[in-house]
Every structure is written in C-alpha cells, then in structure tokens.
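Engineer: The following block contains a protein sequence and its predicted model.
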Amino acid sequence: MVEECQNDAENRETLVAVNHLTKSFSIGKRNVHKAVDDVSFRIYKGEVFGLVGESGSGKSTVANCVMNLCKPDSGEILYKEIDTCCSKEFRKNKKMLQCERQIIFQDSTSSLNPRMKVKDILTEPFRIQHITPKRGTLSAEAAFQLTYVGLDNSYLEKYPSELSGGQRQRVAIARAVAMEPELLVADEPIASLDVSIQAQIVNLFRHLQKEHGFSFLFIAHDLSMVRFLCDRVGVMHDGKLVEVGNVEDIFRHPKHPYTKALIESIPIPDPHMERQRAREKEHE
C-alpha cells in the first residue's frame, strides 16, 4: 500500500475509503488480466482527487468498482463507512447510494439515451427515485439545471444526436449534478473533446465543485488538467497505485520513476524551453 503524505490524513473527514482493491478479468479460457492490484486510497469530504495513468493502468476499473458497476475480487470500498461491496449493505442503503453518488462517463454519446429529449434525460433521475425537484416541477428543474451548465432552454427539446460533443457532456454533467451528489466520479470526461472544449468543461467542473462542495474523483491522463483541478492525485501504473499525495508535491518532487516519466512527458508550450529540456535529456 502506498503511503500518503502525513499532512494529508490529518484533520480530514473521509468520504470514500478504498482498501486493498483487486480486480481481474478473464481473457479467453486460460489468461487472466489483473486490472487493479491491491489499490488503497482515501477521498476526503469536499476535495478533488485525481487518478492518473496511461491507458490500461486500471483507472476506469477503479471508478467502476467505486460506483458498484464492477464487483471487486477482493478488498473493500467504504462510502460513509458503508461497505458498498457487501450486497446486504448495498441493498439496505440503495436509494441513498444511488442519489448521493453520480458518475460521468467519457463517451457522452453512449451514456445519453438517443431516444430521449434533453429535458427527459435531465429529469429521469427524479422520476426513478420518486424525488420532488427543488424547483417544484420537472420542467422547471430541467430548465434550471441546463442553464446552470451554460446551455439555454432551446436545448431542452433537442435529442443528443443534435448536440455537439461538448454540449452532450454538459447535459451529462447537469444530469449528475441535479441530484446534488456528495460524490461525483468523472471517468476521463474530456478525453474525446477538442482542446478548447476541454478547458471549458474543466472550468465548469471547478465552478460546480466550489458551488456544491461535493467530493470529486477526477480520472484523466492529461496531467496539466489534473494539476489545475485537483487537490490530491494518485498515479496508477499496471494496475498498481505507485504514488499518491498533494498535487504540487507530486508535480514538484515525484518519487516514483513512472511518475517522473509522466511529468517529463508533459509538453512545454515554449519551444525554446522544450528544446533545452531535450538537450538536457541527451546529456543525462
């Protein structure tokens, strides 16, 4: 288990505790791939925790396990000290867990029902959970939530296929935030978007998190976005959590060789500095 910086755990209230999480997948009849291998970390109340690593490192599997979309082979995941991997405990607290924990996926095309209008997509969670919206009616709630993420009411009558990728992701964010979650999980939510749209979505996340104060598990491979948005970060490599700590500590003083390699791979916008870094590597 990777040890966090001492200051991280002091005077912080834990919302999510992932303890020794392991998950494997069968590949064919004989091969088994261990996607997550003995991973442990904490997400504190009101913080943004980033999980980074290259494709195949196990980040999305961790997210799916945290949200009960995937059952671990071993280990435990505690939400407010409730063992969500225990079927009995999950059933006992099902409505609370489904309302207070929300997830945003990378592919907004597949996560939004193509046969539903935006207004119906936004209000579906209220209908499923039999919750009366704060704005009084479902239509008023849909209009409010859509405006809140930067889209005007003309989009309420549109279908997902009529929206751009960034607009669809805003709808997915609005649907998640409408339930006023205490935990929001975003699994590479900007990976499929243009760079300019990525910045808009990350700024939206930052604004929403400050407004609502939810805890946020942000999964990405773009380290610059993680540094901008997150309070703490965990680095995954080949299914293992190799380093975890405060964002600035990780970026300024990485300890694990893989973390160092990730940070060194971040492009520098100044071409002169980029060439200088390349020359320095040649002389190492």
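Structural biologist: Arrived safely.

Engineer: Leu69: how many residues sit nearby?
Structural biologist: Neighbourhood size, Leu69 [other Cβ atoms under 10 Å]: 14. In short, each C-beta sits where N, CA and C put it, glycine included.

Engineer: swap in the one 5 residues further on?
Structural biologist: Other residues lying near Ser74 total 12 when counted by other Cβ under 10 Å.

Engineer: What are the contacting residues of the helix or strand that contains Ser110?
Structural biologist: Ser110 is located in helix 108-111, with elements delineated by DSSP states H and E. The contact list for helix 108-111 (Cβ atoms under 8 Å, 6 or more residues apart in numbering) reads 104-105, 160, 165, 168-169, 171-172, 192.

Engineer: Go again with 6 Å.
Structural biologist: For helix 108-111, contacts defined as Cβ atoms under 6 Å, 6 or more residues apart in numbering pick out 105, 168-169, 172.

Engineer: ok now it, how far from the chain's centre?
Structural biologist: 16 Å (Cα atoms, centre = their mean, to the nearest Å).

Engineer: Stretch 83-98 too?
Structural biologist: Distance of stretch 83-98 from its chain centroid, counting by Cα atoms, centre = their mean, is 21 Å.

Engineer: now do stretch 136-148
Structural biologist: Centroid separation between stretch 136-148 and its chain, computed with Cα atoms, centre = their mean, is 24 Å.

Engineer: how about it: buried residues?
Structural biologist: 138, 141-146, 148 (16 or more other Cβ atoms under 10 Å).

Engineer: Also stretch 99-119?
Structural biologist: 99-108, 111-112, 117-119.

Engineer: So which residues of this structure form strands?
Structural biologist: Counting by DSSP state E, the chain has strands at residues 14-27, 31-44, 48-52, 74-79, 82-83, 101-104, 183-187, 215-220, 232-237, 240-246.

Engineer: so what strands line up beside the shortest one?
Structural biologist: So that's strand 82-83. Sheet pairing of strand 82-83 (DSSP bridges) gives strand 74-79 (antiparallel).

Engineer: Glu47 contacts Val233, doesn't it?
Structural biologist: No - applying Cβ atoms under 6 Å as the test, Glu47 and Val233 come out as separate, 10.9 Å apart.

Engineer: For those two, work out which one has more neighbours and name it.
Structural biologist: Between Glu47 and Val233, counted using other Cβ under 10 Å, the more crowded position is Val233 (26 against 20).

Engineer: contacting residues around the more buried one?
Structural biologist: Val233 makes contacts with 50, 226, 247, 250, as judged by Cβ under 6 Å, 6+ apart.

Engineer: Out of the residues you listed, which comes closest to Ala17?
Structural biologist: Proximity of these to Ala17 (Cβ to Cβ) peaks at Gly50, which lies at 17.3 Å.

Engineer: From the structure, what's the count of residues near the closest one?
Structural biologist: Neighbours around Gly50, by other Cβ under 10 Å: 26.

Engineer: The one 4 residues further on now?
Structural biologist: A count of nearby residues for Glu54, using other Cβ under 10 Å, gives 14.
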